[in-house]
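Participant: Mind folding the following:
(chains A and B)
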Amino acid sequence: MKRLRLIIAHEYMMIVGKKSFIIMTLLIPFLIVIAGAVPVLIAYVNEQADSNVEQIAVLDKSNGLAGALVPTDKYKFIPINAAGAPETAARDFYKKTGDGITAVVVIPEDVEKTANVTIYSEQTIDVSTKEYINRCLGDTIAACRLASHNIDNLEQIIDEVKVNVTVNSIKWDEEGNEQATSTELSMILGMILAMIIYTFVLMYGAMIMNSVVEEKTNRIVEVVVSSCRPVELMFGKIIGVGLVGITQFAIWVVILGVGGTILSMIGLSSIAAAQPAAMEAAATAPSSVDGSGLQTMLMAFGGVNYGSLLVNFVLYFIGGYLLYGSLFAAFGSAVDQASDASQFTTPIILFMMIALYAGIACATNPNGPMAVWCSMIPFTSPVVMMVRLPYDVPLWQQALSVVLLFATALAVTWFAARIYRTGILLYGKKRSFKDLFKWVLNK
Amino acid sequence: MKQYSGHRALDGVSMNVPEGCIYGLLGPNGAGKTSLIRILNMITRADAGEVLLNGEPLREAHVEQIGYLPEERGLYKKMKVGDQIVYLARLKGMERDAAVKAMHEWLERFDLTEWRSRKVEELSKGMQQKVQFIATVLHRPRLLIFDEPFSGFDPVNAEQLKGEILRLRDEGATILFSTHNMGSVEDVCERITLINKSRVALEGSVKEVKRNHKKNKLSVTFDHDVTLEAAPQVFDIDVATPGSAVIHLAKGVEMRDAITFLNERYQLTGVTELLPSMHEIFIETVTQPQQEATA
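Facilitator: Presented below is the predicted three-dimensional model:
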């Protein structure tokens, strides 16, 4: 035990003491903030740059629908005064006026029936222009069609018909007490937890592998295993790197928490003053969460069983990390340099990708057969179960899944230790899965 | 001290290393030396056979009494010299304080004190070798296993290392030495085992082995610049120059008789029996696989 502690401390310090680790740990939160800010900035810049006005001629053969095309900052509509003129007039007009006009819209007489207009231009028309014309004419034509039915109080009726149903979900506990829940919240919470496990396993799994390969290329491993059992070294690595990961996550949470608080206290007001357009763009995004929705959300925060969620998260986190981490260690031991490891790591990454996509799919159907199966299979359960958990999974399923995960993780660790023990001492030849299997059987 | 037999890379190998001895483990590449050494270090296990240390079957706690310098040297390149030595010593069961104290002493001895806080990758290869040597011996092992200890050392450092090895022996350590360098074997080893093709080909003290391989060769010198004349019934001449010669005795002729024979005819100033060098014995043994093992 003393030796294992020593190895864990050593492995931990080997990574945490590196400059690159410190820099990355401090840098990543800023990268996340930048990644979040870029879309807002791009939207802002896009809005600014696109200030030139497009002039579009309108040849209107219907009875005055051209009026539906309302000019904006971006579009100006110039009517062609040629009622009853043939469609070729559009071409003549375009030629005559030359540069100023981008396109000509021809509204045919029977437009109310066919809902077909044509736009002529020498350059391909961009999508936003088409959409704008579509929206303007569509609304007007729809209004005309409705009007043709001659219904009294039409507008009032339409206003009454427009409904946005708010579904309040209330959960009963065993005593029948009511508690508000939120599907959105459950989904978000589950996805965040699943993503944490996914990222953690892949990131720190790769770190374990690099550490194994490094010891092997340095040839230090032979000295170390003359002092301890290979399995101790392997576990020391897995645990040490795991602790590195927890440290890193903790630092990120603190940085993002503190940074977020500071930003919201001072930053936002000044940004809002300086860049109203950007703020507007940013503000439209979460507009779907209206007042009552937000209220349910807040109420629902209390409706999640955090205790059980946390316990499960820790269990799946440990199980998943152990399972994949020991595989990474075993595969690292079989190669001479990290770049050779891809033939072994590809299946691992594939499994993790399957788990992630299954998890995303399960978010919309958390109790469907796929969700249930994938939350039982140990290679996918750590990610998928995280998505399901906020939706209250039956206890027997939770228990079975955890037992399966840990049983598999222990078995895989045992296999991995046997591969590792042999692999770290062999150099030169490129190994296949068949070789690894032989190593497992070695005495 | 150790008995061992059986393995695919090692077949019926059995050897006995007396305590406090410097013992040479010889053999061509691929003979199974490293396999044997790894078994002694409990890095791998033998499929059959056993290893006894001080009469006890080898068990895990014994690693603390063994120091191992592998042929392929390796250190954590990014780690500081001092930390590295202390870490490796603590893995061998040493307490931190004792390890730190011993580390300072050894660095002093090898003139590496000012490098203590530098990373290993900043050191020259020779210095790295010294650091590795220190890491091997710091925990005062009773049994030291050196695989090619002199490779990578310049003659000055090799001499220093040899002095340290002899000192460790004098302090009571048993030293098992694996090498291709026959010169160093003659210099320091008391006993040897030569492994060839997974089997023991030669075993015994260096003197014994040499005597068993002697070819009855004599080097003789004379007072005047006379040239030795042939006497086929007593000896054949290998080399004859004015004033000296190398001869080997004919079958059935004792050395005593040959000397008497020469003494009657020439003014002898010196006679030396030429024993084969370990180098010659090694090559002879390894290139003649059909030869019976000499004990």
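Participant: and chain B, which residues reach chain A?
Facilitator: Chain B has residues B:38, B:41-45, B:47, B:60, B:63, B:66, B:68, B:70, B:72-79, B:87-88, B:90-93, B:132, B:135-136 near chain A, with proximity defined as C-beta under 8 Å from any C-beta of the partner chain. Backbone N, C-alpha and C define where each C-beta goes, glycine included.
Participant: Give me the buried entries from these.
Facilitator: Listed as buried from those are B:38, B:41-44, B:63, B:66, B:68, B:70, B:73-77, B:79, B:87-88, B:90-93, B:132, B:135-136; burial here means 16 or more other C-beta atoms under 10 Å in any protein chain shown.
Participant: ok, now which ones touch whichever residue of chain A sits closest to chain B?
Facilitator: With C-beta to the nearest C-beta, the shortest gap between chain A and chain B falls at A:R219, namely 2.9 Å. Applying C-beta atoms under 8 Å, 6 or more residues apart in numbering or on different chains to A:R219 gives the contacts B:70, B:72-74.
Participant: phi, psi of it?
Facilitator: phi 70, psi 10 (degrees, to the nearest 10).
Participant: average model confidence for the top helix by length along chain B?
Facilitator: Counting by DSSP state H, the longest helix found in chain B is helix B:155-170. Across helix B:155-170, pLDDT averages out at 91.
Participant: Pull it out as CSV, backbone CA atoms only.
Facilitator: Presented in CSV, the C-alpha positions along helix B:155-170 are these (Å, rounded to 0.1, in the frame of the first residue of the first chain):
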residue,chain,number,x,y,z
PRO,B,155,37.9,4.9,-19.2
VAL,B,156,38.2,7.4,-16.3
ASN,B,157,34.6,7.0,-15.2
ALA,B,158,34.8,3.2,-15.8
GLU,B,159,37.7,3.1,-13.4
GLN,B,160,35.8,5.1,-10.8
LEU,B,161,32.8,2.8,-11.2
LYS,B,162,35.0,-0.3,-10.8
GLY,B,163,36.4,1.2,-7.6
GLU,B,164,32.8,1.7,-6.3
ILE,B,165,31.8,-1.8,-7.2
LEU,B,166,34.8,-3.3,-5.4
ARG,B,167,34.0,-1.0,-2.4
LEU,B,168,30.4,-2.2,-2.3
ARG,B,169,31.7,-5.8,-2.4
ASP,B,170,34.0,-5.0,0.5
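Participant: just the strands in chain A please.
Facilitator: All strands of chain A, identified by DSSP state E, fall at A:54-60, A:75-79, A:103-107, A:118-121, A:169-172, A:178-181.
Participant: B:V226 is in contact with B:G243, isn't it?
Facilitator: Yes - if you go by C-beta atoms under 8 Å, B:V226 and B:G243 touch, sitting 7.2 Å apart.
Participant: Output the strands of chain A as JSON lines; include the columns mean pLDDT and mean neighbour count.
Facilitator: Shown next, in JSON lines, are these (pLDDT from 0 to 100; neighbours: other C-beta atoms under 10 Å in any protein chain shown):
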{"stretch": "strand A:54-60", "mean pLDDT": "81", "mean neighbour count": "21"}
{"stretch": "strand A:75-79", "mean pLDDT": "81", "mean neighbour count": "17"}
{"stretch": "strand A:103-107", "mean pLDDT": "83", "mean neighbour count": "21"}
{"stretch": "strand A:118-121", "mean pLDDT": "83", "mean neighbour count": "14"}
{"stretch": "strand A:169-172", "mean pLDDT": "72", "mean neighbour count": "12"}
{"stretch": "strand A:178-181", "mean pLDDT": "65", "mean neighbour count": "16"}
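Participant: Spell out which parts of chain A neighbour chain B.
Facilitator: Counting by C-beta under 8 Å from any C-beta, the positions of chain A adjacent to chain B are A:3, A:6-7, A:10, A:14, A:18, A:215, A:218-230, A:425, A:443.
Participant: Drop anything exposed from those.
Facilitator: With burial judged by 16+ other C-beta under 10 Å, the buried subset of these is A:3, A:6-7, A:10, A:14, A:215, A:218, A:220-230, A:425.
Participant: so of the residues you listed, which ones are in helices?
Facilitator: Checked against DSSP H, those include these in helices: A:3, A:6-7, A:10, A:14, A:215, A:218, A:220-225, A:230.
Participant: Among those, show me the least confident.
Facilitator: Scoring those by pLDDT puts A:N218 last, at 86.
Participant: Contact partners for that one?
Facilitator: Contacts of A:N218 (C-beta under 8 Å, 6+ apart): B:74-77.
Participant: let's see it at 10 Å
Facilitator: By C-beta atoms under 10 Å, 6 or more residues apart in numbering or on different chains, the residues touching A:N218 are B:72-78, B:120-121.
Participant: Throw these into JSON lines and include pLDDT and secondary structure, thanks.
Facilitator: Output for those, formatted as JSON lines (pLDDT from 0 to 100; DSSP: H, G, I helix; E, B strand; the rest coil):
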{"residue": "B:E72", "pLDDT": "85", "secondary structure": "coil"}
{"residue": "B:R73", "pLDDT": "85", "secondary structure": "coil"}
{"residue": "B:G74", "pLDDT": "87", "secondary structure": "coil"}
{"residue": "B:L75", "pLDDT": "91", "secondary structure": "coil"}
{"residue": "B:Y76", "pLDDT": "91", "secondary structure": "coil"}
{"residue": "B:K77", "pLDDT": "89", "secondary structure": "coil"}
{"residue": "B:K78", "pLDDT": "88", "secondary structure": "coil"}
{"residue": "B:V120", "pLDDT": "92", "secondary structure": "helix"}
{"residue": "B:E121", "pLDDT": "91", "secondary structure": "helix"}
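Participant: Tell me the one among the residues you listed nearest to chain A.
Facilitator: Among the contacts of A:N218, and counting by C-beta to the nearest C-beta, the member closest to chain A is B:G74, at 2.9 Å.
Participant: just checking, which of the residues of chain B next to chain A belong to strands?
Facilitator: The strands, defined by DSSP E, take in B:66, B:68 from the residues of chain B next to chain A.
Participant: Could you list the low-pLDDT ranges of the chain?
Facilitator: The chain I'm using is chain A. A:47-51, A:81-90, A:97-99, A:173, A:176, A:178-182, A:263, A:266-304, A:443 (pLDDT under 70).
Participant: Correction: the question concerned chain B.
Facilitator: For chain B (pLDDT under 70), the answer is B:1-8, B:289-295.
Participant: For chain A, what is the nearest residue in the stretch 101-250 of chain B?
Facilitator: B:A135 (7.2 Å).
Participant: ok, the residue nearest to that residue when sequence neighbours are not counted to A:G423 distance?
Facilitator: Spatially, and ignoring its direct neighbours in sequence, B:A135 is nearest to B:L88 (4.3 Å; C-beta to C-beta, 6 or more residues apart in numbering or on different chains). For B:L88, the distance to A:G423 equals 22 Å [C-beta to C-beta, to the nearest Å].
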